[in-house]
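**Q** Give me the fold of what follows.
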Amino acid sequence: MKKAVYISAVLVLIIAGGCKKFLTKTPQSTLSPANYYTNESQVTAALTGVYDIVGAEATWGCRIPIRHNASTDESWFSYTSFPTGPFFYNYDPSDATVSELWKVMYQGIERANTLLANIDKAEMDTTKRSNAKGEALFLRAFYYFTLVQYWGDVPLKLQPSASVNNVDIARTPMKDVYAQILADMKEAESRVPTIQQTGNSGRVSKSAVRGMLARVCLYMAGAPLNDKTRFQEARDWAKKVKDDGYHVLNSDFKQVFINECADIEEPKECIWEAEEWGVNADPWREGGRIGNENGIKCLSSDVVAVGYCYGFNSATRKLYYLYAANDPRRDWSIGNYTLSATGVKTNLAATAIYPRYCAKWRREYEVAAPRNKNYTPTNFPILRYSDVLLMLAEAENEVNGPTALAHESLNLVRKRAGLSDTTIAAADGFRAEVRNERARELCFEGLRKPDLLRWGIFVPTMKEVAAEFKAYASSTYQYATTAAGNVTERHLLYPIPIAEMSLNKAITQNPGW
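**A** Predicted coordinates for the structure are as follows:
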């Protein structure tokens, strides 16, 4: 955890030591927590640094939805130039993608801890201070939530680092980390403004906190904690978002993703997004890879006019056939055409399933010009209102059975897709339908693998995916059989990165690694 966080501090120490004999004057000004955080603008700048992790290429600006959650029963990683990685379930504790995520999560936590430890020193409006504190608490909790999903027990650190030598920190039981996540998020909920006040999807709002609390509680209710009492809390938090009355679904499913590509804010549907900006051709470098790595493959020679796309993520046969033939989400989420290097579309035959790429985010709708080969300004939805409705349907069913509220929440999502209302009398049948609806609505949004894990069906489901590839895929796509077939019980958690294991003498490795 600490190495990435401390790199800057180590460099400062090295530079100071190396230059000592040349410098005789006492510095007139330095930048440190002791003399920073004195006013609102400095707090805002520090908070921006905490937020910066959300849209980073290593997180929701690219890697989390596109690589960490690439291979499930709804999608598979169709880019073969990378021989190893979590997308092929072929990795070890030295894997760069796995290590990078660990590192950047703790960078965000360190930034949040530093801000929280110093924010009360700033001369600023008390309401704005409370808002900023709430946002920092939520983001710290969100980063820990990400860590426990991937690694289980992790070091819980709630104070900024005082020394580069204090690196031996034992893992905290996941249950206790979750308790801190809940505490931080609940305090944040009392401090942050409403989404009506923020007016955008990039800022943490009460709706974002409440929706994420519903997600956290659902995960606690599922494997491996299996704390079933949390279903009630998940239901209550999701219902708060619904009862607020502000959020509605965009009447056109595809417009949600067109708006993200076109940099159009839609807080009524997209409650919280990882915000990207520009194409990394400026000093701020806030562009992401959404639509570039996870769109319809287009190896364009004219990247300025036609958006280049690697096509990393493709749809499984299972996902394709989960949709009704008249469900418009299918042919928007799953591309039904190929693209030439000049952007010409060629429709795929109805029987051609495996050549179909993720198509939710399409570069043709980008407004930033000229287009960049590798970076886009497209936002990524971390929490959508449809997700909240499906979480409410799921939690209500687990608490009270398939009630009118459970059906209403599920059918609002179906209705947007032009589908008729469904009525399911048995809780088991309703549960299965909600799980399928989550795939239809939220595919390629980085939620399926965590869903399968919390439902306790990840390993057997991936074995079924491998069998499906073996039975139906042509020789061109048989490599996906091996990728899905690699999954074993050890893949329920990532390994602690080897760099952390070598430097932190108090930490232990996950089973099987």
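
**Q** Centre-most residue in the protein?
**A** W60 (4.8 Å; CA atoms, centre = their mean).

**Q** So that one: helix, strand or coil?
**A** Assigned by DSSP: H, G, I helix; E, B strand; the rest coil, the conformation of W60 is coil.

**Q** can you count the residues close to the nearest residue to D153 once chain neighbours are set aside?
**A** Once flanking residues are discounted, D153 sits nearest to R171: 4.0 Å by CB to CB, 6 or more residues apart in numbering. C-betas here are computed from N, CA, C, even on glycine. By the measure other CB atoms under 10 Å, the count of residues near R171 is 19.

**Q** Any figure for the gap between R171 and Q159?
**A** R171 sits 17 Å away from Q159, going by CB to CB, to the nearest Å.

**Q** Also Y308?
**A** For Y308 relative to Q159 (CB to CB), the value is 44 Å.

**Q** Those two - which one has more neighbours?
**A** Using other CB under 10 Å as the criterion, Y308 and Q159 rank with Y308 on top: 22 against 10.

**Q** I'd say that one and N292 touch.
**A** Yes - with contact defined as CB atoms under 8 Å, Y308 reaches N292; the gap is 6.7 Å.

**Q** got any residues that touch both of the two?
**A** Taking CB atoms under 8 Å, 6 or more residues apart in numbering as the criterion, Y308 and N292 both touch R363, K373, N374.

**Q** Out of those, who's the most crowded?
**A** That'd be R363 among the shared contacts of Y308 and N292, by other CB under 10 Å, with 23 neighbours.

**Q** before we move on, the earlier item: next, the contact list for the residue nearest to the centre of the chain, please.
**A** V54, A274, F380, I382, G446.

**Q** how about the strands of the chain, start to end?
**A** 75-77, 270-274, 313-315, 337-339, 345-347, 380-384 (DSSP state E).

**Q** Report the mean per-residue pLDDT for stretch 108-115.
**A** For stretch 108-115, mean pLDDT is 98.

**Q** Spatially, which residue comes closest to Q197, not counting chain neighbours?
**A** S205 (7.5 Å).

**Q** next one: phi and psi at that neighbour?
**A** Main-chain torsions, S205, degrees, to the nearest 10: phi -130, psi 170.

**Q** heads up, I number from 19, so please use that
**A** Shifting the count to begin at 19 puts that one at S223.

**Q** How many residues are close by it?
**A** 27.

**Q** Show me how far stretch 464-484 is from its chain's centre.
**A** Here stretch 464-484 is found 17 Å from its chain centre; the criterion is CA atoms, centre = their mean, to the nearest Å.

**Q** for stretch 448-462, that is, sorry about that
**A** 18 Å.

**Q** In JSON lines: the contacts of W78, plus neighbour count, distance to R233 and pLDDT.
**A** Shown next, in JSON lines, are those (neighbours: other CB atoms under 10 Å; distance: CB to CB, whole Å; pLDDT from 0 to 100):
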{"residue": "V72", "neighbour count": "21", "distance to R233": "15", "pLDDT": "98"}
{"residue": "A292", "neighbour count": "25", "distance to R233": "15", "pLDDT": "98"}
{"residue": "F398", "neighbour count": "27", "distance to R233": "16", "pLDDT": "98"}
{"residue": "I400", "neighbour count": "26", "distance to R233": "10", "pLDDT": "98"}
{"residue": "G464", "neighbour count": "21", "distance to R233": "12", "pLDDT": "98"}
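
**Q** Let me know the closest of those to E207.
**A** I400 (16.6 Å; CB to CB).

**Q** if I pick that closest one, what's in contact with it?
**A** With CB under 8 Å, 6+ apart, I400 has these contacts: V72, W78, W290, E291, A292.

**Q** again, but for F275
**A** W350, K378, W379, R380.

**Q** Among those, name the ones in helices.
**A** W350 (DSSP state H).

**Q** quick check, nearest of the contacts of F275 to P515?
**A** Among these, and counting by CB to CB, the member closest to P515 is W379, at 29.6 Å.

**Q** Listing request: residues of this protein with sub-threshold pLDDT.
**A** For the chain, the stretches flagged by pLDDT under 70 are 19-49.

**Q** before we move on, the earlier item: farthest pair in the contacts of I400?
**A** W78 and W290 (9.9 Å).

**Q** what about the residue nearest to M123 when sequence neighbours are not counted, how many residues close to it?
**A** Nearest residue to M123 in three dimensions, chain neighbours excluded: Y161, at 4.7 Å (CB to CB, 6+ apart). By other CB under 10 Å, 23 other residues sit near Y161.

**Q** how much space between Y161 and G305?
**A** 22 Å.

**Q** And for L133?
**A** L133 is 25 Å from G305, by CB to CB.

**Q** can you pull the contacts of the closest residue to Y393 other than its chain neighbours?
**A** Excluding the flanking residues, the one nearest Y393 by CB to CB, 6+ apart is G305, at 3.4 Å. Each residue near G305 by CB under 8 Å, 6+ apart is listed here: E294, W295, G296, V297, N298, A299, N390, Y393, T394, P395.

**Q** ranges for the helices of the stretch 69-218 of the chain?
**A** 81, 114-136, 144-169, 192-209, 213-216 (DSSP state H, counting those that start in this stretch).

**Q** From the contacts of G305, pick the one nearest P51.
**A** For these, the nearest to P51 is W295 (27.9 Å; CB to CB).

**Q** Now do the phi/psi pair for the closest one.
**A** Dihedral angles (degrees, to the nearest 10) for W295: phi -150, psi 140.

**Q** who's in contact with the residue nearest to it when sequence neighbours are not counted?
**A** Nearest non-adjacent residue to W295, counting by CB to CB, 6+ apart: E304, 4.3 Å away. Counting by CB under 8 Å, 6+ apart, E304 touches G73, E293, E294, W295, G296, N298.

**Q** Let me know the closest of those residues to M519.
**A** For these, the nearest to M519 is G73 (29.1 Å; CB to CB).

**Q** Contacts only, for that closest one.
**A** Counting by CB under 8 Å, 6+ apart, the residues that G73 touches are G79, A292, E293, E294, E304, G306, F398.

**Q** which two in those are spaced the farthest apart?
**A** Most distant of those, by CB to CB, are E304 and F398, 12.7 Å apart.

**Q** any shared contact partners between those two?
**A** Listed as contacting both E304 and F398 by CB under 8 Å, 6+ apart are G73, E294.

**Q** on that earlier part again, next up, phi/psi of the residue nearest to W295, please.
**A** phi -110, psi 20.

**Q** follow-up on the earlier one: make a markdown table out of the helices of the stretch 69-218 of the chain and add distance to P529.
**A** A markdown table is the format used below for the helices of the stretch 69-218 of the chain (distance: least, CB to CB, whole Å):
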| stretch | distance to P529 |
| --- | --- |
| helix 81 | 24 |
| helix 114-136 | 16 |
| helix 144-169 | 12 |
| helix 192-209 | 13 |
| helix 213-216 | 41 |
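
**Q** who wins for proximity to I442 among the ones you listed?
**A** Closest among the helices of the stretch 69-218 of the chain, using CB to CB: helix 144-169, at 29.0 Å.

**Q** now the closest one and helix 192-209, what's the angle there?
**A** Per axes from the mean of the first three to the mean of the last three CA atoms, to 10 degrees, the angle that helix 144-169 makes with helix 192-209 is 160 degrees.

**Q** Report the inter-axis angle for helix 144-169 versus helix 114-136.
**A** Between the axes of helix 144-169 and helix 114-136, defined by the same axes, to 10 degrees, the angle is 150 degrees.

**Q** Point out the other helices and strands that helix 144-169 packs with.
**A** helix 58-70, helix 114-136, helix 192-209, helix 224-239 (3 or more CB pairs under 8 Å, 6 or more residues apart in numbering; DSSP states H and E).

**Q** Between those, which one is closest to R85.
**A** Nearest to R85, of those and by CB to CB, is helix 114-136 at 5.8 Å.

**Q** Could you pull out the buried residues of that closest one?
**A** The neighbour-count check on helix 114-136 (16 or more other CB atoms under 10 Å) flags 115-134, 136 as buried.
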